[in-house]
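In: Generate a structure from the sequence data that follows.
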Amino acid sequence: MDPVIDAISDMAFQQLENFGFRHSANLAWALATLEKTNEPLLTAMAVAAAANASELSPLSLASTAWACVSMKIIYFPLLDAMSELLFQSPVDDGIATMAIWSLSRLPDLDRALLLVDSAKWRIPPLSLSALLEACEQRDLAAEQLRVLRLLAHGHLKPVVLDVLDALEENVSHTESRLQ
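Out: Numbers count the residues shown, from 1 in each chain. Reported below is the predicted structural model:
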């Protein structure tokens with residue numbers, strides 16, 4: 001380990017209750033970016049962020065969740081709080097991407113799909129790439145088509161939707177033959 005990172009992490013852990021939420025999110029993001037896991041500190045940050053979610057900005061929530069998930073620290077109350085906040089209002093592309101990426105790394109994609117399905121804001125296509133990749137890697141054809149359907153925009157929308165309808169029919173037919 002790096003002695004400077006260790007000293008910063010130890011001091012942050014001792015002073016966590018005095019940190020502002022934005023500073024806590026920034027430190028979590030920095031540790032994850034440097035790939036320096038301090039499980040007790042990141043877990044404490046996740047717990048604090050979840051408990052005070054209404055006081056955090058969408059960016060602070062999403063970056064804390066992203067940092068924790070990228071370091072394999074899964075704290076479901078934080079992910080649920082982030083999702084709930086994001087259901088309520090539009091967010092920028094970066095926040096949407098972090099949130100969907102974080103939820104797409106979980107063993108169960110239900111939270112990611114729920115966020116995408118119920119979002120009251122238009123999801124930027126790039127934000128869907130992590131979820132689409134997770135569906136492809138896990139061979140979840142129906143879920144993959146669900147995500148692809150969200151990518152249909154503009155003049156190509158009718159054509160894309162027709163192609164997806166045909167693919168969906170093919171997937172349903174294949175699944176029924178396997179049963």
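In: and the longest helix for the protein?
Out: When the chain is parsed with DSSP state H, its longest helix is helix 157-178.
In: Show me what that helix packs onto, helices and strands only.
Out: Packed against helix 157-178 by the contact rule (3 or more CB pairs under 8 Å, 6 or more residues apart in numbering; DSSP states H and E) you find helix 141-149. For every residue, glycine as well, the C-beta is placed using N, CA and C.
In: Which parts of this structure are helices?
Out: Assigned by DSSP H, the chain shows helices spanning 3-15, 21-33, 39-51, 58-70, 76-88, 93-104, 110-118, 129-137, 141-149, 157-178.
In: Using a markdown table, please lay out those helices together with mean pLDDT and mean neighbour count.
Out: As requested, the helices of the chain are exported to a markdown table (pLDDT from 0 to 100; neighbours: other CB atoms under 10 Å):
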| stretch | mean pLDDT | mean neighbour count |
| --- | --- | --- |
| helix 3-15 | 87 | 13 |
| helix 21-33 | 91 | 19 |
| helix 39-51 | 93 | 19 |
| helix 58-70 | 94 | 25 |
| helix 76-88 | 88 | 18 |
| helix 93-104 | 90 | 23 |
| helix 110-118 | 86 | 17 |
| helix 129-137 | 94 | 18 |
| helix 141-149 | 88 | 18 |
| helix 157-178 | 82 | 12 |
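In: Great, nothing more from me.
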